[in-house]
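[1] I would like to see how this sequence folds:
(one chain, ligands or ions: 1)
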Amino acid sequence: MKTGTPVAAKILDGKALAQTIQAEIAAEVAEFVRNGAAPPTLAAVLVGEDPASQVYVRNKQRACERAGIESRMHRLPAETTQDELLQLIGELNDDDSVHGILVQLPLPEQIDEQQVLRAISPRKDVDAFHPENVGLMMQGQPRFLPCTPHGIQQLLVRSGIEIAGKHVVIIGRSDIVGKPMAVMMMQKSKGANATVTVCHSRTENLPEMAQTADILIVAIGRAKFVTADMVRPGATVIDVGMNRTDEGLSGDVDFEAVREVAGHITPVPGGVGPLTVSMLLYNTLEAARQQVGKRG
Ligand code: NAP
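    Numbers count the residues shown, from 1 in each chain. Predicted coordinates:
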């Protein structure tokens, strides 16, 4: 749309799509159980009292319940040692009634996060953070896909946004969002085949890079960092950021200004967040299926 009055971007409603996906998963869980399997079961481990982590874990548990997935909560005190946490993970790895294990991050500073994530059995690693699962994803043969990038891919595909051949610019290179998002978008597979650029805090000319994006995915943790002048008219803008500010929850994108330029945009809240939870449920069902298949 090059002439006339600018049209505000179409809002990509992640909350509504998450409900649709969760309903699909609930139907699949019901069928899985009807066929004689035990309900898929997720063990969630929360160490300490971080308020945001408590909210995230509670949301995940509630979503599990709605989908017929059993969730078991393991709350450990903030002073838990590395050995105590590793022992619990070992027990959950050996427990055949547990299909997925989720350790809520961040962990208290006395605990080595990488060592903990490596201790989770790759077959129960529903966050897909274990090096074996990261490697499989990299090679285009994923066992599980990491939840936030997978949710974003589902949102793009199900919203009919073309990815193949397009330029996807990702701002942020974390192991949880930016890096796996880049790997997934560049794969030679459905819902991918993009040309990908990854930007970070050392990128020169970041605004110019962002302007070249057909799809701009922002995951940096800086409120309203992406402004309207950084977005090509008609581009799709996916805002992963969740920043607590004096005005409430804010994304990494200046939503009100950018929506006047973009073709599609996700809100915060109600965009990427709910989809992350949906894909965790998806992975838990997938883990249960794989484990039943292996035993059967
Ligand atoms: P992270 O681990 O802190 O990584 C932030 C990334 O952003 C880093 O790669 C960093 O670059 C880059 N960055 C920081 N400031 C920058 C700047 N001024 N210009 C360019 N790049 C910059 O963050 P994360 O875990 O990916 O999370 C990012 C945001 O997404 C947070 O707000 C988080 O709460 C949110 N999040 C939301 C969900 C969801 O489900 N909605 C899930 C996960 C995360 P360097 O590598 O150079 O330091």
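
[2] Which residue comes closest to residue 166 once chain neighbours are left out?
    Sequence neighbours aside, residue 214 is the residue nearest to residue 166 in space, at 4.0 Å (criterion: Cβ to Cβ, 6 or more residues apart in numbering). Heads up, the C-betas are built off the backbone N, CA and C, glycines and all.

[3] again but with residue 80, I slipped
    Setting aside the residues directly before and after it, residue 80 is nearest to residue 47 in space (Cβ to Cβ, 6+ apart), at 5.2 Å.

[4] show me the contacts for the one you found.
    Residues near residue 47 by Cβ atoms under 8 Å, 6 or more residues apart in numbering: 76, 77, 78, 80, 85, 103, 104, 107, 108, 111.

[5] Quantify the burial of the last one by counting its neighbouring residues.
    Read it as residue 111. For residue 111, the neighbour count with other Cβ atoms under 10 Å is 20.

[6] That one and the ligand, how far apart?
    Distance of residue 111 to the ligand, computed by Cβ to the nearest ligand atom, to the nearest Å: 17 Å.

[7] interface residues of the stretch 151-296 of the chain facing the ligand?
    Neighbours of the ligand within the stretch 151-296 of the chain, by Cβ under 6 Å from any ligand atom: 171-174, 176-178, 199-202, 206, 219-222, 240-243, 272-273, 276.

[8] which of those residues count as buried?
    Taking 16 or more other Cβ atoms under 10 Å as the criterion, what is buried in these is 171-173, 176-178, 199, 206, 219-220, 240-243, 272-273, 276.

[9] how many other residues sit next to the residue lying closest to residue 183 once chain neighbours are set aside?
    In space, residue 183 comes closest to residue 138 once its chain neighbours are excluded; the distance is 5.6 Å by Cβ to Cβ, 6+ apart. When neighbours are counted by other Cβ under 10 Å, residue 138 registers 14.

[10] In strands, which of the buried ones among the residues of the stretch 151-296 of the chain next to the ligand fall?
    171, 199, 243 (DSSP state E).

[11] Any idea what the second one is bridged to?
    The residues paired with residue 199 through beta bridges, assigned by DSSP bridges, are residue 171.

[12] now it: how far from residue 152?
    Remark: distance between residue 199 and residue 152 (Cβ to Cβ, to the nearest Å) = 16 Å.

[13] Going by neighbour count, which residues in the lengthiest helix in the chain are buried?
    For the chain, the longest helix by residue count, based on DSSP state H, is helix 272-295. Buried residues in helix 272-295, counted by 16+ other Cβ under 10 Å: 272-288, 291-292.

[14] repeat for stretch 225-243
    For stretch 225-243, a neighbour-count test (16+ other Cβ under 10 Å) marks 225-226, 230-232, 235-243 as buried.

[15] Return the distance of it from the chain's centre.
    Centre-to-centre, stretch 225-243 and its host chain are 18 Å apart (Cα atoms, centre = their mean, to the nearest Å).

[16] Only C-alpha atoms, please: export it in PDB.
    What follows is stretch 225-243, C-alpha atoms only, in PDB (Å, rounded to 0.1, in the frame of the first residue of the first chain):
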ATOM      1  CA  PHE A 225      13.500  -0.500  21.300                       C
ATOM      2  CA  VAL A 226      12.200  -0.900  17.700                       C
ATOM      3  CA  THR A 227      10.700   2.300  16.400                       C
ATOM      4  CA  ALA A 228       8.600   3.000  13.300                       C
ATOM      5  CA  ASP A 229      11.600   4.300  11.300                       C
ATOM      6  CA  MET A 230      13.300   0.900  11.700                       C
ATOM      7  CA  VAL A 231      10.400  -1.000   9.900                       C
ATOM      8  CA  ARG A 232       9.800  -1.300   6.200                       C
ATOM      9  CA  PRO A 233       6.200  -0.500   5.300                       C
ATOM     10  CA  GLY A 234       4.200  -3.600   5.100                       C
ATOM     11  CA  ALA A 235       6.700  -5.800   7.000                       C
ATOM     12  CA  THR A 236       5.600  -8.400   9.600                       C
ATOM     13  CA  VAL A 237       6.800  -7.500  13.100                       C
ATOM     14  CA  ILE A 238       7.000 -10.200  15.800                       C
ATOM     15  CA  ASP A 239       7.600  -8.800  19.300                       C
ATOM     16  CA  VAL A 240       9.000 -11.400  21.700                       C
ATOM     17  CA  GLY A 241      10.000  -8.900  24.500                       C
ATOM     18  CA  MET A 242       8.300  -8.900  27.900                       C
ATOM     19  CA  ASN A 243       9.500  -5.900  29.800                       C
END
